[in-house]
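[1] Give me coordinates for this.
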Amino acid sequence: MAGLRARGLLPAVAYNRERNLSIAVDRKQFDRIFREVSTHGLVELDLDGELLPAVVKAVQMDKRLRIPQHADFYLVTYGQELEVPVPVHPTGRAKGVIEGGILDVLIHNLPIFVPGPRFIPQALTVDVTALETGQVIPAGDIPLPAGCRLGIDPHVAVITILPPQKMAEAQESAPAAEPA
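    This is a model prediction of the structure:
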């Protein structure tokens, strides 16, 4: 594997129910594409002239250098239902935030099932304008594209507004400064 990396290649696997392949992809090209699609977009792998649609399932990173060390690709078949994580993007300014609360996105990538790779949305946009302090937006209230369905319990909280912290509470919990 070190030899592959030294030549600028990234070790990877490409798999589905019928196939399990050990492959290597150009690291720079993977970096560029992965920055665009992350783990929710469709890519095409050229394996000896055969173009195979795939979704990036996982990437192992060198935490210190922030360089990919290995990638997993799930090979997809058109017309096959897929479960993919899709980024949640809140929009608007919540009433609770205007009153001093804090917007908290509890699930950044919502798992959904899509009817095929062409139906993978880039993001799920959620209007939080009416959200007040203490309220939540459950997964079931997030609008999904036609033909898509949730991959988690619809009652799971995805976005909430945390109450503002009072200055007195913050000062009480802070250690007292010692005189110099």
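[2] where does this structure dip in pLDDT?
    By pLDDT under 70, the weakly predicted segments of the chain are 1-2, 6, 39-41, 166-180.
[3] domain parsing for it?
    2-75, 82-167 (automatic domain parsing).
[4] in the protein, which spans are strands?
    9-15, 20-26, 42-47, 50-62, 67-75, 82-91, 102-105, 109-114, 124-127, 136-138, 149-150, 157-162 (DSSP state E).
[5] Quick check: can you name the pairing partners of the second one and their directions?
    According to DSSP bridges, strand 20-26 forms sheet pairs with strand 9-15 (antiparallel).
[6] What are the buried residues along the strand it pairs with?
    Within strand 9-15, the residues that qualify as buried by neighbour count (16 or more other CB atoms under 10 Å) are 9-14. Where you see a C-beta, it was placed from the backbone N, CA and C, and this is true even at glycine.
[7] do the same with stretch 115-129
    Applying 16+ other CB under 10 Å to stretch 115-129 flags 115-117, 119-121, 124, 126, 128 as buried.
[8] what does that stretch contact?
    Stretch 115-129 is contacted from outside by 40-42, 53, 55, 76, 78-82, 84, 86-95, 103, 110, 112, 114, 137, 142-145, 147-148, 158-159, 161, using CB atoms under 8 Å, 6 or more residues apart in numbering.
[9] same thing but at 6 Å, please
    If you take CB atoms under 6 Å, 6 or more residues apart in numbering as the criterion, stretch 115-129 is touched by 40, 42, 53, 76, 78-79, 81, 84, 86-92, 94, 110, 114, 142, 145, 147.
[10] repeat for stretch 70-86
    For stretch 70-86, contacts defined as CB under 6 Å, 6+ apart pick out 10-14, 16, 39-40, 52-55, 57-60, 109-117, 120-121, 124, 151.
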